[in-house]
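K.L.:
missing the sequence, but the structure's below:
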């Protein structure tokens, strides 16, 4: 299950970008996962919750935005959302295409709550 190592990588990104004293204020971590990234979103969410359970980040949520597989045709210039992995243009049947989305795995942002000081 490589989702565990991906969840650990997300945790590493969080720790690189959020000061230690702010970790308890993390409300959510927003990620984009492409349809072709080979990640099972439910498994990733489970693994993330498992590794933060009992830590200062225990209340944080992982919010996953699924990104569809889309290609752009170099012959006709049109984009298509084909079946995952099919790189043939659905408009002109050309195989001269580029994948423009659907393979990404990206931490988009980390949302922190504001501390109320009295």
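P.N.:
That came in fine, so what should we check first? Keep in mind that what you see is a predicted model, and the values were worked out from it rather than measured.
K.L.:
In a strand, residue 98, correct?
P.N.:
Yes. Counting by DSSP: H, G, I helix; E, B strand; the rest coil, residue 98 falls inside a strand.
K.L.:
How confident was the prediction at the nearest residue in space to it that is not next to it in sequence?
P.N.:
Nearest in space to residue 98, with sequence neighbours left out and distances taken as C-beta to C-beta, 6 or more residues apart in numbering, is residue 72 at 5.2 Å. The way it works is simple: take the backbone N, C-alpha and C, and place the C-beta from them, glycine included. In the prediction, the pLDDT value recorded for residue 72 is 96.
K.L.:
go on, residue 118?
P.N.:
With respect to pLDDT, residue 118 scores 48.
K.L.:
Residue 25 now?
P.N.:
Residue 25 is assigned 96 on the pLDDT scale.
K.L.:
Please apply the same query to the one 3 residues further on.
P.N.:
In this model, residue 28 is scored at 97, pLDDT.
K.L.:
hmm, who's touching the helix or strand harbouring it?
P.N.:
Using DSSP states H and E, the element containing residue 28 is strand 26-34. The contact list for strand 26-34 (C-beta atoms under 8 Å, 6 or more residues apart in numbering) reads 10, 14, 18, 39, 41, 44, 48, 57, 59-69, 101-113.
K.L.:
Can you pull up the most central residue in the chain?
P.N.:
With distances taken as C-alpha atoms, centre = their mean, residue 32 lies nearest the centre of the chain, 2.8 Å away.
K.L.:
same for the helix ranked longest in the chain, what does it pack against?
P.N.:
The residue-count maximum for a helix in the chain (DSSP state H) belongs to helix 3-17. When contacts are defined as 3 or more C-beta pairs under 8 Å, 6 or more residues apart in numbering; DSSP states H and E, helix 3-17 packs onto strand 26-34, helix 41-52, strand 105-112.
K.L.:
Can you tell me what sits against it?
P.N.:
Counting by C-beta under 8 Å, 6+ apart, 23, 26, 29, 31, 39-40, 43-44, 46-48, 50-52, 57, 62, 105, 107, 110 sit against helix 3-17.
K.L.:
What subset of the residues you listed is buried?
P.N.:
Buried positions within the contacts of helix 3-17, assessed by neighbour count (16 or more other C-beta atoms under 10 Å), are 23, 26, 29, 31, 39, 44, 46-48, 52, 57, 62, 105, 110.
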